[in-house]
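Visitor: next comes the sequence, and after it the predicted model I'd like to discuss.
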Amino acid sequence: MSTYVIAIDQGTTSSRAIIFDKAGSIIATGQKEHEQIFPKAGWVEHNPVEIWQNVQEVIGIALAKADLTRHDIAAVGITNQRETAVVWDKNTGEPVYNAIVWQDTRTQSIVDELAKGDTERYKEIVGLPLATYFSGTKIKWILDNVEGARERAEAGDLLFGTTDTWVLWNITGGPDGGVHATDVTNASRTLFMDLKTLSWREDILADFGVPLSMLPEIRSSSEVYGTVEDSSLLRETPVSGILGDQQAATFGQAAFDPGESKNTYGTGNFLIFQTGEEIVHSKNGLLTTLGYKLGDQPAHYALEGSIAVTGSLIQWLRDNLGLISSAPEVEELAKSVEDNGGVYFVPAFSGLFAPYWRPDARGALVGLTRYVNKGHIARAALEATAFQTREVLDAVNADSGVDLTELKVDGGMIANNTLMQFQADILGVPVVRPVVAETTALGAAYAAGLAVGFWSNLDDLRANWQEDRRWEPKLDADERDRQLRLWKKAVTKSMDWVDADVR
């Protein structure tokens, strides 16, 4: 009897395999980081071969820790960093170039060329503005800049996928019959998928110069795509769930219905607000995206506020400045001071995402005086996450017409109690953490398990959700307003930085 589901979580900084039981509890985890490659300012890459090798390794680690075999696993789910683009040769499985990561900004000139003065020219169809964030411009860059790539693509020899597709293709056989597919949530992040028809738009592909033959088949988020190939530890196990990481976290939070939401604190921050079967176009800088689609059931849509840099700012303090030696140390350093000392840190390393969408912005640390020390900078870095989330939540409230009364949170940074308390303070509403914080992997496991009958329906999943801790706002309203005013002033200082001479 197969009594567990395994989720592969292919993230921005690491790949993980997590085994869950029927109650949604974690049984075992394998995790391995991959190299972050920065060839030039604004360029961010990953090695797809390293990612695939790590995925295989973490599966083995998780199974070994739990003392389980493939016979104990009912299904495999996949979740992933969504807009990161991989292009590879379908005959050899070799990538033609490194994966270009969602944070990468090298394609701004392509955005400018395609926009023709209107970055929202495709937004009514695909729900997204033209921006370097999405994978469509990254594919075009590879075809335009890698020698021979366009000719090979037009000959039908190259495939594109976000990292869910890369993992699925490899785990189901690679060049020997691998399944080339993605789900609606990942497809909705390319700039190429029609939100209404859930199919690729050939007219937009033509504008980008991307052959349709490169693109994966669009499938639902919960169905059997194929089975694991024979040489794997999971051979013959069905792969039956795919959700982009933020949609997966929402699913793992059991936020299925219109009006339900969550905020994930990871490399970046991503707030998703479910709108049900209705497509809602934002007037306040949010994205319209797919929430999930279960088999033959109707698609569910969502609004999303995407913030590029939150957890990666703490990583930057560690790796680039040496201010801390490990991420958890940032909380102790921040607690060494009473407040931010008048310092505000706007981490616009990749420009500003929601709700501003300003590619010309760059990081700014403002309000510095001789009084300021590293504790104030650490606190300002943490507070930047909360301030950015407040601005996105304000946009959600404006678009939906209904103010959220509490915020469900997940992701690695929610272990930071100082941040969570400040988040409640600056929002003015309670912040709620679930017992199982690994909701991204859990959501992928849920999608996979539903497809094979491991869980019967969404009510089974709702019953699994449990509250772990709740933070109530304590900050005086006048002080909250003062800090928000200063934050917004700091944001303006980050804008209009990139011009013809600054990259």
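Guide: Yep, that arrived.

Visitor: dig out what residue 344 forms beta bridges with.
Guide: Under the criterion DSSP bridges, residue 344 forms beta bridges with residue 366.

Visitor: measure the residue of the chain positioned farthest from its centre to residue 218 for me?
Guide: Relative to the C-alpha centroid of the chain, counting by CA atoms, centre = their mean, residue 370 is the outermost residue, at 37.8 Å. To residue 218, residue 370 is 57 Å away according to CB to CB, to the nearest Å. C-betas here are computed from N, CA, C, even on glycine.

Visitor: pass me the low-pLDDT residue ranges in the protein, would you?
Guide: For the chain, residues meeting the criterion pLDDT under 70 lie at 1, 500-503.

Visitor: do a quick rundown of the helices in the stretch 151-300 of the chain.
Guide: 163-171, 184-187, 202-208, 245-252 (DSSP state H, counting those that start in this stretch).

Visitor: tell me which of those helices is the most buried.
Guide: With neighbours defined as mean count of other CB atoms under 10 Å, those peak in mean count at helix 245-252, which reaches a mean of 32.

Visitor: go ahead and name everything in contact with that helix.
Guide: 9, 11, 24, 79-82, 185, 221, 243, 260-262, 264, 266, 270, 272, 274, 289-292, 302, 304, 410-411, 436, 438-447, 461 (CB atoms under 8 Å, 6 or more residues apart in numbering).

Visitor: all strands for the stretch 151-300 of the chain, in order.
Guide: With strands called from DSSP state E, counting those that start in this stretch, the stretch 151-300 of the chain shows them at 158-161, 181-183, 217-219, 222-227, 238-244, 261-265, 269-276, 287-292, 300-307.

Visitor: for those strands, which one sits closest to residue 351?
Guide: Of all these, strand 300-307 sits nearest to residue 351, with 11.4 Å by CB to CB.

Visitor: partner strands of the closest one, with direction?
Guide: Strands that pair with strand 300-307, judged by DSSP bridges, come out as strand 269-276 (antiparallel), strand 287-292 (antiparallel).

Visitor: what residues sit buried inside the first one?
Guide: Read it as strand 269-276. Neighbour counts over strand 269-276 (16 or more other CB atoms under 10 Å) mark 269-276 as buried.

Visitor: okay, the residues you listed in a markdown table with distance to residue 457 next?
Guide: As requested, these are exported to a markdown table (distance: CB to CB, whole Å):
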| residue | distance to residue 457 |
| --- | --- |
| 269 | 30 |
| 270 | 26 |
| 271 | 26 |
| 272 | 21 |
| 273 | 23 |
| 274 | 17 |
| 275 | 21 |
| 276 | 17 |
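
Visitor: between those, which is closest to residue 350?
Guide: Checking these one by one against residue 350 (CB to CB), the nearest turns out to be residue 269, at 13.1 Å.

Visitor: do you know how far that closest one is from residue 409?
Guide: In terms of CB to CB, residue 269 sits 10 Å off from residue 409.

Visitor: equivalent analysis for residue 158, please.
Guide: Look at residue 158 and residue 409: by CB to CB, they are 40 Å apart.
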